[in-house]
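**Student:** next come a sequence and a model predicted from it.
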Amino acid sequence: QVQLVESGGGLVQPGGSLRLTCAASGLIFSEHTISWFRQAPGKAREFVAAIRFSGGSTKYADSVKNRFTISKDNAKTTAYLQMNSLKPEDTAVYYCAAGRRLITSRMGDGTNYNDWGQGTQVTVSS
């Protein structure tokens, strides 16, 4: 059974940083593209960042480019989302998702992912 467990969320002031962690089990991690999505209250879920299963390619939403960095450690079956220069509009529940061998062109579509975590709350506020 696949499990994705997010952690690292919390309350941070604007301009601050957080690192989210997605710990995976029950899947061949090196064969899965890992992505982060987020959902703010009253809004649709949106794509944030993705890293290809091989780790060689990444993709970011325009709203987080140059502020967020996604990475994955296949040996630890863990993915990370380093978030810097956080803004109030980054406030949302953040979810990690896993999709087997997803290529770059399919990374941003949540319907391509079979497995999801429960989410971790990120609140950016002064």
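**Tutor:** Received, thanks.
**Student:** excluding its backbone neighbours, what's nearest the residue nearest to the spatial centre of the chain?
**Tutor:** Among the residues of the chain, the one closest to the centroid is Trp36, at 2.1 Å (C-alpha atoms, centre = their mean). If you skip the residues right next to it in sequence, Trp36 has Val48 as its closest partner in space, 4.3 Å away by C-beta to C-beta, 6 or more residues apart in numbering. Glycine gets a C-beta too; all of them are placed from N, C-alpha and C.
**Student:** before we move on, the earlier item: tell me which element the residue nearest to the centre of the chain falls in.
**Tutor:** Trp36 belongs to strand 32-39 when assigned by DSSP states H and E.
**Student:** check the offset of that strand from the chain's centre.
**Tutor:** Distance of strand 32-39 from its chain centroid, counting by C-alpha atoms, centre = their mean, to the nearest Å, is 4 Å.
**Student:** list the buried residues of that strand.
**Tutor:** 32-38 (16 or more other C-beta atoms under 10 Å).
**Student:** need the contact partners of the very next helix or strand once past it.
**Tutor:** Later in the chain than strand 32-39, the nearest helix or strand by DSSP H and E is strand 46-51. Residues outside strand 46-51 that contact it (C-beta atoms under 8 Å, 6 or more residues apart in numbering): 33-39, 57-61, 64, 68-72, 79, 81, 94, 102, 107-110.
**Student:** much appreciated, bye for now.
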